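K.L.:
Pasting the sequence and the predicted coordinates here, then a few questions.
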Amino acid sequence: MCTLEQLAVQLYDAGAVRLGDIEAKLGRRTPVYFDLRVVVSHPRIMLAVVKHLQKLASKIHHDILCGVPYAAMPFAAVMSVNTNTPMLMKRKETKLYATKKILEGVFQKNQKCLIIEDVVTSGGSVLETVDALRAENLVVTHALVVLDREQGGASILKANGVELKALFTMTNLIKILRDAGRINDDTVDIISDHIKVCQFGINDSVG
């Protein structure tokens, strides 16, 4: 298994880390955007991400997995197959016909569900999934994420009874990329300043 440092460089080289003045959710601007959707076209990188997520997951008791739609679903699916752990799929919206479900899959009341997510900024997307799972009497106490942008999401999730564990924090990621010669000190400073200025609170969870 490659190291996290090697994985960070592979993700950058695959185009998963985009730099510039980029529009994010709800028209917000960001100097760095982490797009893990490109990883579905890179099976070796996908497997490397999943192996590191599985390492974190092995330390948390869980009965079932659920990937936050849609970017995290491929990671959850590969984890499910690799570890023989059942998986649920949450829809963005409730199905309007037949079963009218928002959760797809087989589960039982009080099973412990581990959430998988690609990126956490404010934690809003994870919380939507948490609410849907808890509404079906599933127990949710942890979420795994590839990147925590360190903009308040972890604290918001903790306030809602969910502990977030990440492969990378944004601070850690940009340090690795700088040390690997992929970005320079000026870029590190711009991103660091953005993290400090753009923080979310309990009432701001949007993604």
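P.N.:
Nice, thanks for sending it over.
K.L.:
can you pull out the helices in this structure?
P.N.:
Remark: helices assigned in the chain by DSSP state H are 4-13, 43-57, 73-83, 124-135, 153-159, 170-179, 185-197.
K.L.:
Name the residues that touch the worst-scoring helix or strand of the chain on mean pLDDT?
P.N.:
Least confident helix or strand of the chain, by mean pLDDT, DSSP states H and E, is strand 17-23 with a mean of 87. Residues outside strand 17-23 that contact it (CB atoms under 8 Å, 6 or more residues apart in numbering) are 11, 29-35, 173, 177, 183, 187. Heads up, the C-betas are built off the backbone N, CA and C, glycines and all.
K.L.:
So, low pLDDT: which residues of the protein?
P.N.:
For the chain, applying pLDDT under 70 flags the ranges 25-27, 93-100, 202-207.
K.L.:
still on that earlier bit, reformat the contacts of strand 17-23 as a markdown table; add neighbour count and distance to Glu136.
P.N.:
Output for those, formatted as a markdown table (neighbours: other CB atoms under 10 Å; distance: CB to CB, whole Å):
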| residue | neighbour count | distance to Glu136 |
| --- | --- | --- |
| Leu11 | 27 | 33 |
| Arg29 | 11 | 37 |
| Thr30 | 21 | 34 |
| Pro31 | 17 | 39 |
| Val32 | 22 | 35 |
| Tyr33 | 14 | 33 |
| Phe34 | 20 | 30 |
| Asp35 | 16 | 30 |
| Leu173 | 27 | 34 |
| Leu177 | 23 | 40 |
| Ile183 | 21 | 43 |
| Thr187 | 16 | 43 |
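K.L.:
and the two most separated of those?
P.N.:
Maximum pairwise distance among those (CB to CB): 21.9 Å, between Leu11 and Arg29.
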